[in-house]
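**Q** Would you be able to build a 3D model of this:
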Amino acid sequence: MDMVLGIDVGGTSIKVGLFTPEGELLEERKVPTPALVSDEAYEAVTSGISRVLAAHDSAPADVIACGLDIPGPVADDGTVGFLPNIELDPEGLVGAISAVFPRATIAFVNDANAAALGEMWAGAARGASSFVLLAIGTGVGGGVVANGRLVAGAFGAGGEIGHITVKPDEPLACGCGRHGCLEQYASAKGVVRLYLEECERRGVEPVKVEHPTDTLSVFRALASGDECARIAVDQMCEYLAQAMSQISCVMDPAMYLVGGGVAGSFATFAPELRRRFAAHALSTCANVRIEAAGLGNQAAMYGCAYEALRLRGEAAPQNA
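**A** Have a look, this model is predicted:
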């Protein structure tokens with residue numbers, strides 16, 4: 001039986017998803033690994049995958065496609081760019097996987113782009129040929145799909161929604177070195193910062209915030225009537241709506257999906273986000289659907305598996 005792999009690549013482990021070519025997830029398993037730059041590390045990956053296959057009475061020769069999602073840019077031609085947050089030798093890993101799984105077509109996909117493909121294959125975007133996934137977590141990422149195809153970009157920057165400039169006069173620098181990026185306000189870190197700054201401005205005691213990305217405490221404060229939390233979340237929605245309205249002028253998607261860690265509170269801020277988007281958007285696209293993503297933290301695993309299948313020419317058609 002043909003098998004497909006979707007692999008989340010992390011700094012100290014990988015997460016292996018074993019799929020059928022039709023998109024059924026058979027198993028998900030975490031495999032600890034050293035930094036992926038040595039034969040020892042590659043063997044940890046391939047032996048971990050082989051154990052997952054064996055549990056389903058399958059062998060390495062059954063694997064026809066293997067997708068890997070990584071936290072860094074991947075260009076249209078599959079070239080992996082600079083990886084600041086992970087030690088990975090792409091060529092070495094591909095060579096090791098190809099040696100053990102000789103039938104497998106291998107694809108690298110940026111993690112946010114992979115999440116978008118996953119939602120298209122098996123999630124909330126099934127049947128949608130054009131949409132944008134907004135991945136709102138520690139930062140703000142994105143995945144853009146047009147005419148059923150991922151828009152990765154010539155240099156791998158397609159979907160870098162978090163670095164759309166929404167406030168040019170911002171004195172604080174973004175992690176990218178520029179100023180006023182969406183990520184500075186709409187990420188988990190941004191929301192917490194906006195909340196604490198508003199509390200300081202008003203001279204009020206904030207609720208206890210456990211860490212710099214603890215939006216859960218901010219949204220709980222919002223639910224209890226905390227005015228500073230309301231202002232912070234309104235600011236998040238305002239800047240996010242501005243960015244989305246600009247995206248719509250470029251590609252006019254049929255849908256926006258909100259994913260990532262902040263998406264757990266989507267129902268809380270969705271009405272305000274929709275209202276502000278409609279106020280900023282060009283009238284012809286003001287009624288675009290804005291919904292929550294459906295696959296959670298499995299989306300990227302689904303998506304990179306789908307991309308490897310697509311490259312092989314055997315991707316199953318979407319279910320409308």
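
**Q** a strand runs through residue 133, doesn't it?
**A** Yes. Applying DSSP: H, G, I helix; E, B strand; the rest coil, one finds residue 133 inside a strand.

**Q** That one and residue 259 touch, don't they?
**A** Yes. Between residue 133 and residue 259 a contact is recorded at 5.7 Å, counting by Cβ atoms under 8 Å. Any C-beta I mention is one placed from the backbone N, CA and C, and that applies to glycine too.

**Q** And the two? Which one has more around it.
**A** Set residue 133 next to residue 259 and count neighbours by other Cβ atoms under 10 Å: residue 133 wins out with 34 against 30.

**Q** picking that back up, shared neighbours, residue 133 and residue 259?
**A** 115, 119, 293, 299 (Cβ atoms under 8 Å, 6 or more residues apart in numbering).

**Q** Could you list which residues are in contact with the second one?
**A** Listed by Cβ under 8 Å, 6+ apart, the contact set of residue 119 reads 125-126, 131, 133, 143, 257, 259, 293-295, 299, 302-303.

**Q** quick one: the strands in the chain?
**A** In the chain, the strands defined using DSSP state E lie at 3-9, 13-19, 25-32, 63-70, 105-110, 131-136, 140-146, 149-150, 255-259, 289-292.

**Q** out of those strands, which comes closest to residue 42?
**A** In terms of Cβ to Cβ, the element of the strands of the chain nearest to residue 42 is strand 13-19, at 11.0 Å.

**Q** Give the partner strands of that closest one in its sheet and their orientations.
**A** Next to strand 13-19 in the sheet, as set by DSSP bridges, lie strand 3-9 (antiparallel), strand 25-32 (antiparallel).

**Q** Quick check: which of these is buried the most?
**A** strand 3-9 (a mean of 27; mean count of other Cβ atoms under 10 Å).

**Q** count of residues packed around residue 126?
**A** Count around residue 126 with other Cβ under 10 Å applied: 14.

**Q** again, but for the one 4 residues further on
**A** A total of 18 residues lie near residue 130 under the criterion other Cβ under 10 Å.

**Q** how close does it get to residue 93?
**A** Distance, residue 130 to residue 93, using Cβ to Cβ, to the nearest Å: 32 Å.

**Q** Show me the shared contacts of residue 133 and residue 259 that map onto helices.
**A** 115, 119, 299 (DSSP state H).

**Q** Could you list which residues are in contact with residue 305?
**A** Contacts of residue 305 (Cβ under 8 Å, 6+ apart): 4, 5, 6, 17, 19, 65, 66, 67, 121.

**Q** Fine by me, we can end here.
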